[in-house]
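# based on what follows, work out the 3D shape:
(2 chains, ligands or ions: 2)
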Amino acid sequence: MDLDFSVIPANSELLWEGIKMTFLLTGLAIVGGIILGTILALLRIAKVPVLAQVAAAYVNFFRSLPLILVIFWLYFLVPLIMGQPVDAFTSVLVAFILFEAAYYSEIIRAGINSVSTGQLAAARAIGMTYPQAMRYVVLPQAFRAMTPILLTQAIILFQDTSLVYVVGLRDFLVSAEIVANRDQRLVEMFLFAAVVYFVICFTASLGVKQLQRRFAK
Amino acid sequence: MIEMNAVNKWYGKNFQVLKDCSLKVAKGEVIVVCGPSGSGKSTLIKTVNGLEPINSGDITVDGVSITAKKTNLDKMRSSIGMVFQNFELFPHMNVTDNIKIGQLKVLGRSDEAASEKAAELLERVDLTEHAQKYPSQLSGGQQQRVAIARGLAMEPKAMLFDEPTSALDPEMINEVLDVMVSLAGEGMTMMVVTHEMGFARKVADRVVFMDFGEIVEDAKSDDFFGSPRSARAQEFLSKILNH
Ligand SMILES: Nc1ncnc2c1ncn2[C@@H]1O[C@H](COP(=O)(O)OP(=O)(O)OP(=O)(O)O)[C@@H](O)[C@H]1O
Ligand SMILES: [Mg+2]
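Ligands and ions are numbered 1, 2, ... in the order given. Okay, the predicted model is just below:
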């Protein structure tokens, strides 16, 4: 079999657009997921039973569904319900945020619980309101403790964004596949895609380990 | 300054942690609360600033009732300093920021005013050269002095201490007690849970002895150390003084 990797530089622009899309989706989904996840976590620990139950139901619901189903749902069913089309990027991004938030909220909740109750008491004792105590004292410590796990989850999310092929969004993998089929260079392109995913994820997970070691001190 | 009237508190349905506790601390007075482990001292002191809610009775601080619905508890807490057994400094902030955060976020002071106050207080607790360090880089005694400074930064009307020296190595106890003695000398109203009887003798106006959630004895400190009336207080005293 003769391999010809020149197909990669020849299509660098298309591939580059793809990788940008992958990173953009991952980045926005992480930010959105963490924000929504934090809200869900705060609701779950708040002493308002109704809100806590709603948040718990949300988390259990999304954790019981395959991600691809959520993506389908938002892409095919939401436009039906709303009566107007939703563009692929928005629908996929919303799907990722809704889905990831369920996982993030569990991580964040564990992080909040890892901060000693004395810290909350100390913050309240100097007159901070509950939201202030969370904002300035508890959450910063919780996020610090959670950073490695959040990053690990982000790496998984980075891989999961490849699912967007089902709605025809051109992320990195889809771009690679387009080139592969068009130029009949399947082996080269899928090898290349594997190497790119591997290098990015492996480097990131090494970084997480480093960070963990530093936090452990 | 602090007045507790027939305070009752339960944990759950069956366990009454505070039984009909009444107590007065006049302005400028220092009272020491002591008693066996589990007798409810920490709970009692935490009810004063509303960190622990009560089931019945009333507590007023400087004429303001903490149980009244219209009372702003957050505002009230900002005017009562509290020092914990485990310091509870904020580990993600340096010493100066620990002392500034309440001033900035609760009192709404300017950064400049808060920094100035922090510097002044750090000098007072003799920690100026540690201003930029993080709590984990300090000894227990130093951390506890920062915690006192953090409380004082709010310019409180009264200070509550819950066993401020019991987590410290013996050689660090005095540096913390010295700060407390000088505070008392300046007329700060203080309520101190401690087993440091030397401190109690030296600065306390009154000693309150608790057992099983009850205030068993509330006496002038001379009287308490001279001849406690209750058998339980006598027994407790003989135990800790013999060590
Ligand atoms: N959140 C809680 N829920 C249930 N019981 C509690 C709680 N906090 C404290 N208690 C119980 O209430 C009693 C009084 O506790 P408290 O901490 O006030 O005692 P203490 O006199 O400060 O003891 P120590 O000298 O050990 O600090 C103890 O029996 C304790 O186990
Ligand atoms: Mg205690």
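# okay, and for chain A, where does confidence drop off?
For chain A, applying pLDDT under 70 flags the ranges A:1, A:216-217.
# which residues does residue A:30 contact?
Residue A:30 makes contact with A:100, A:154, A:157 under the criterion Cβ atoms under 8 Å, 6 or more residues apart in numbering or on different chains. For glycine as for every other residue, the C-beta is placed from the backbone atoms N, C-alpha and C.
# near ligand 1 too, which of those residues?
Among the contacts of residue A:30, proximity to ligand 1 is found for none (Cβ under 6 Å from any ligand atom).
# select from these the one having the most neighbours.
Counting neighbours by other Cβ atoms under 10 Å in any protein chain shown, residue A:100 leads the contacts of residue A:30 with 24 neighbours.
# ligand 1 versus that residue, what's the distance?
35 Å (Cβ to the nearest ligand atom, to the nearest Å).
# any idea how far that residue is from chain B?
25 Å (Cβ to the nearest Cβ, to the nearest Å).
# name the nearest residue to that residue, sequence neighbours excluded.
residue A:33 (3.4 Å; Cβ to Cβ, 6 or more residues apart in numbering or on different chains).
# does that neighbour count as helix, strand or coil?
helix (DSSP: H, G, I helix; E, B strand; the rest coil).
# can you pull out the residues in contact with stretch A:191-202?
With Cβ under 8 Å, 6+ apart, stretch A:191-202 has contacts from A:5, A:8, A:19, A:155, A:158-159, A:172-173, A:176.
# what about that stretch, distance to the chain center?
Stretch A:191-202 sits 18 Å away from the centroid of its parent chain (Cα atoms, centre = their mean, to the nearest Å).
# buried ones in that stretch?
A:191-193, A:196-197, A:200 (16 or more other Cβ atoms under 10 Å in any protein chain shown).
# what's the answer for stretch B:187-205, then?
Quick answer for stretch B:187-205 (16+ other Cβ under 10 Å): B:188-197, B:199-200, B:203-205.
# contact residues of chain A facing chain B?
By Cβ under 8 Å from any Cβ of the partner chain, the residues of chain A that approach chain B are A:116, A:118-119, A:121-129, A:132, A:136-137, A:140-141, A:144.
# tell me where chain A has helices.
According to DSSP state H, chain A carries its helices in the segments A:7-10, A:12-45, A:49-63, A:67-72, A:78-82, A:88-114, A:117-125, A:130-132, A:139-160, A:172-182, A:186-216.
# same question for chain B.
B:41-48, B:73-78, B:95-105, B:111-124, B:140-152, B:170-185, B:197-203, B:221-226, B:231-241.
# what's the first one packed up against?
In this structure, helix B:41-48 packs against strand B:2-11, strand B:15-25, strand B:30-34, strand B:56-61, strand B:158-162, strand B:189-193, with contacts taken as 3 or more Cβ pairs under 8 Å, 6 or more residues apart in numbering or on different chains; DSSP states H and E.
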